[in-house]
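**Student:** my questions concern the predicted model and sequence given below.
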Amino acid sequence: MPLIDIRNLAVSFATVNAVCGVSFQVNEGESYGIVGESGSGKSTVLRAICGLAPITGGTIRVDGEALTGARKPAFYRRVQMVFQDPYASLHPRHTVDKVLSEPLAIHSFDDPEGRIERALEDVGLGHGFRFRYPHQLSGGQRQRVAIARALILEPNILLLDEPTSALDASIQAEVLNLLDRLRAERGLTYILVSHDLAVVAHMCERLLVMQHGEAVEELTRARLQAREATQPYTRDLLTASEGYRPDPTLQDV
Amino acid sequence: MTALLTVDDLRIAFPTRQGPVEVVRGVSFILGRERLGIVGESGSGKSQTGRAILGLTPPPGKATAKTLDFDGIDLRDASPARWRALRGIRISMIMQDPKFSLNPVMTIGRQLIESARRTSVPAEAKDRAMAMLEAVQIRDPARVFKAYPHELSGGMGQRAMIAMMLITEPDLLIADEPTSALDVTVQIEVLRILDRLVTDRGMGLIFISHDLRLVSSFCDRVLVMYAGRVVEEVKASDLIHAKHPYTQGLFKCLPQIEGGQRPLPTLQRNADWAL
Amino acid sequence: MTGMTRREWLLTEQPGSRRQARLGQGYRTWLALRSNRLAMVGLFIIAALILIAIFAPLLAPYDPLLGGDLRTARLQPPSWAHPFGTDDLARDILSRVIYGTRLTLMVVVLVAVIATPIGLMVGTTAGYFGGWVDVVLMRITDIFLAFPRLILALAFVSALGPGIENAIIAIAITSWPPYARLARAETLTIRETDFINAIRLQGASSARILWGHVTPLCLSSVIVRVTLDMAGIILTAAGLGFLGLGAQPPQPEWGAMIAGGRRFIIDQWWVATMPGLAIFVVSLGFNLLGDGLRDVLDPKAVK
């Protein structure tokens, strides 16, 4: 049985259909990618899973249990999310310590001291960062804090919404490696949303291409690497990700 | 190669409580009628370099240079009147986000005409505005002409903004991350427009970006900046074979669709690079 | 802390404890405020106001309520014996102005203590929940906003009876609506941010998000606004006093003192001028401090 089973998902806000009839399954321990451009509805799928966007059609099942209405606290101990912009996802007036101790307090975990120290250690920050404010951290360090915050409740599903698109390439590599290592160590299940095919190809075993709120096609990593896309839109994305190619008509002039 | 812009020993310093901090430390280059890329990570000083050429270093920062010469004009202490005659007419700049560069309460058409009037007779301004919208591949120029900036999508807005910057037919265009807010498929189209302008009209282009892959495929020549300095200058097509360990590291840490090393090689910074 | 000055300890980029982090943050704010000269002038005025209020019995040369000889000491111009002159009941105006700081400070503190929490609570709740909660709370706010402050305060005081306590209640009740509007506007932008989404995804209750995460961010702009409003509050209190609806004679309230002096404004100018100057200086102090605080605390200016 797949861990996450999404069938015919539709999300609409007022008059806009952000997601329309999207279905996919994610197995336990798998890393699943969603690729698309802005407005393709890829982030909305993540938001619908964790309850930040309303499910207006279809079903989302996590571990066989259909998600409806407000999520229970127990849900958030299983599913956590990392946001795109590390500059917007940390409270500007809270120290790292406060950011990490809030979830522990909400769910009354024991030994918060030890857990916070371990969480910082796990994301490669260490004790020296514990009492800093976000403005004293770089973008990459902030994103590490956001990952530590998501993992401190020991979830088994992590939703990653463009976790590296706001970061420099060298920092992106570090954060991707960190996510890779944590998944291997803890057997986490990822759904990673990105506009960057290379990032998804690196991180995910399978991926879904989305456009205008609809699923275009699902590919495995092997088929993506072999450029075996069947849809023209996917091929466009593949071509575009290789960089600039001069207009052939221009070269003749 | 005829030099359009000569920059020698450009330095930009910002005062802080601990004394002045130089964010750009001795950048020198000569630009002809070509596509020059400036790459680097955030904080490398690439954007400040672009702004300084236009005299737009944000206060309290101060830019100094041994030479800052644009087509025989010394830009170092140009008067406000001289800047008015240069900015937006002979030298234009495209910013990352069109939302902040277009006037939200004026239609695209009016903004275009206003720019066009600076270099041509009013009667022709409207025709030129329409022609320019067509030139940047806007499919329905009449609609965009009457639209307000918020009614346009990101790609359209960026194209409208490029039209505005190019309507005066500048000799030099500074593009600071002109496509990073755009989707990849739109990005290629915008680059095509810039490409055509350089090839057909002989404009000089400074293309500032953090995207090595894009710069290496689009530009003729690339300056790699690190900590306010140019660490390497290479032909764009040779960027993959760059010699400096920083440039090599930047390339290696990019994930590949074909798969590659796992974990990704990370950039090991060397304190010597910043010296 | 070996080998570290206190300043280094406060400004370190790697605080070792919660307390050090918080103190360091406070110290940074103080450094920023200190570099604003006008704000420091304002702070000095307000500090002086507080000190004068505390030590009024020591500073005042005469009794503020008991006058001197009505035959010889009435309406004396400023002199060495009476630097601000005397009023029509032969009381020393300097002493009355000094004791008046206590009333002014009481008005300011009580209004701030009553109005700020009401405004914050109404505004953040309305903004965070939206929907009908927002509609109901904001319509109530609008009703209070629709009346001119002094007129509404007049109505309250005439219903409750004149007196400084009722004047304070009246001013507090009429001054919270702008804070509620401000807090609501801030909350509307804050509630959509990712850091609020993140805490929501950790299963935090609405009350926890409101008090622990939203309110602290609204607080600074509301504090700035309250400080800037203090001048207006002092003037309203003085206005009520002037109209005879605030502090009652013989209390040395500045507004009431001006009212008492207006009959002699041509011939004995000092009777009304001295308390007027005091109102002016204190209002200016609050405005300068508020301006400085806005530069330091405004979250939009913090990078």
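**Tutor:** Structure received.
**Student:** so how far is chain C from residue A:181?
**Tutor:** To chain C, residue A:181 is 22 Å away according to C-beta to the nearest C-beta, to the nearest Å. Every residue, glycine included, has its C-beta placed from N, CA and C.
**Student:** I'd guessed that residue sits against residue A:203; true?
**Tutor:** No: Residue A:181 is beyond contact range of residue A:203, at 12.0 Å (criterion: C-beta atoms under 8 Å).
**Student:** and these two? which has more neighbours close in?
**Tutor:** Comparing residue A:181 with residue A:203 by other C-beta atoms under 10 Å in any protein chain shown, the one with more neighbours is residue A:203, at 24 against 14.
**Student:** need the pLDDT of that one.
**Tutor:** Residue A:203 is assigned 92 on the pLDDT scale.
**Student:** need the contact list for it.
**Tutor:** Taking C-beta atoms under 8 Å, 6 or more residues apart in numbering or on different chains as the contact definition, residue A:203 lies against A:31, A:33, A:176, A:179, A:180, A:190, A:192, B:255.
**Student:** show me which residues of chain B sit near chain A.
**Tutor:** Applying C-beta under 8 Å from any C-beta of the partner chain, we find that chain B lies next to chain A at B:41-42, B:154, B:183-185, B:187-188, B:191-192, B:195-196, B:199-200, B:210, B:212-214, B:216-218, B:249-250, B:253-260, B:262-267.
**Student:** in a markdown table, list the contacts of residue A:203 along with pLDDT, secondary structure and neighbour count.
**Tutor:** A markdown table is the format used below for those (pLDDT from 0 to 100; DSSP: H, G, I helix; E, B strand; the rest coil; neighbours: other C-beta atoms under 10 Å in any protein chain shown):
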| residue | pLDDT | secondary structure | neighbour count |
| --- | --- | --- | --- |
| A:31 | 94 | strand | 23 |
| A:33 | 94 | strand | 27 |
| A:176 | 92 | helix | 23 |
| A:179 | 92 | helix | 23 |
| A:180 | 91 | helix | 17 |
| A:190 | 94 | strand | 23 |
| A:192 | 94 | strand | 27 |
| B:255 | 87 | coil | 23 |
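**Student:** may I ask which two of those residues are separated the most?
**Tutor:** Using C-beta to C-beta, the contacts of residue A:203 span at most 14.8 Å, a distance reached by A:190 and B:255.
**Student:** buried ones only from the residues of chain B next to chain A, please, as a ChimeraX command.
**Tutor:** The ChimeraX command for the buried members of those (criterion: 16 or more other C-beta atoms under 10 Å in any protein chain shown) is given here:
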select /B:41,154,183,184,187,188,191,192,195,196,199,210,212,213,214,216,217,218,249,250,253,254,255,257,264,265,266,267
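**Student:** can you give me the neighbour number for residue 220?
**Tutor:** No chain in the question, so chain A it is. The tally of other residues near residue A:220 (other C-beta under 10 Å) stands at 13.
**Student:** other chain: chain C
**Tutor:** 19.
**Student:** tell me which residue is most central in chain A.
**Tutor:** residue A:160 (1.2 Å; C-alpha atoms, centre = their mean).
**Student:** do the helix or strand hosting that one and chain B meet?
**Tutor:** Per DSSP states H and E, residue A:160 falls inside strand A:157-161. No: judged by C-beta under 8 Å from any C-beta, strand A:157-161 stays clear of chain B, getting no closer than 14.1 Å.
**Student:** tell me the pLDDT at residue C:148?
**Tutor:** 80.
**Student:** show me what contacts the residue nearest to residue C:252 when sequence neighbours are not counted?
**Tutor:** Spatial nearest neighbour of residue C:252, chain neighbours left out: residue C:96 (3.8 Å); criterion: C-beta to C-beta, 6 or more residues apart in numbering or on different chains. Contact analysis of residue C:96 by C-beta under 8 Å, 6+ apart lists C:64, C:87, C:252, C:257, C:275.
**Student:** what is the neighbour count of the fourth one?
**Tutor:** What it means is residue C:257. Residues near residue C:257, counting by other C-beta under 10 Å: 29.
**Student:** and it, how far is that from residue C:101?
**Tutor:** Separation of residue C:257 from residue C:101 (C-beta to C-beta, to the nearest Å) stands at 12 Å.
**Student:** ok, the first one next?
**Tutor:** The spacing between residue C:64 and residue C:101, counted by C-beta to C-beta, is 11 Å.
**Student:** check the last one too.
**Tutor:** Distance, residue C:275 to residue C:101, using C-beta to C-beta: 11 Å.
**Student:** more neighbours: these two, which one.
**Tutor:** Neighbour comparison, residue C:275 and residue C:101: the larger count goes to residue C:275, with 28 against 23 (by other C-beta under 10 Å).
**Student:** buried ones in the helix or strand that contains that one?
**Tutor:** Using DSSP H and E, residue C:275 sits within helix C:270-297. Neighbour counts over helix C:270-297 (16+ other C-beta under 10 Å) mark C:270-276, C:278-279, C:282-283, C:285-294, C:296-297 as buried.
**Student:** for burial, what's the neighbour tally of residue 3?
**Tutor:** Just going to use chain A. If we define neighbours as other C-beta under 10 Å, then residue A:3 has 19 of them.
**Student:** actually, chain B is the one I wanted.
**Tutor:** 15.
**Student:** kindly report the same for residue C:195.
**Tutor:** A count of neighbours around residue C:195, defined by other C-beta under 10 Å, yields 24.
**Student:** ok, residue B:69 next?
**Tutor:** Residue B:69 has 17 nearby residues by other C-beta under 10 Å.
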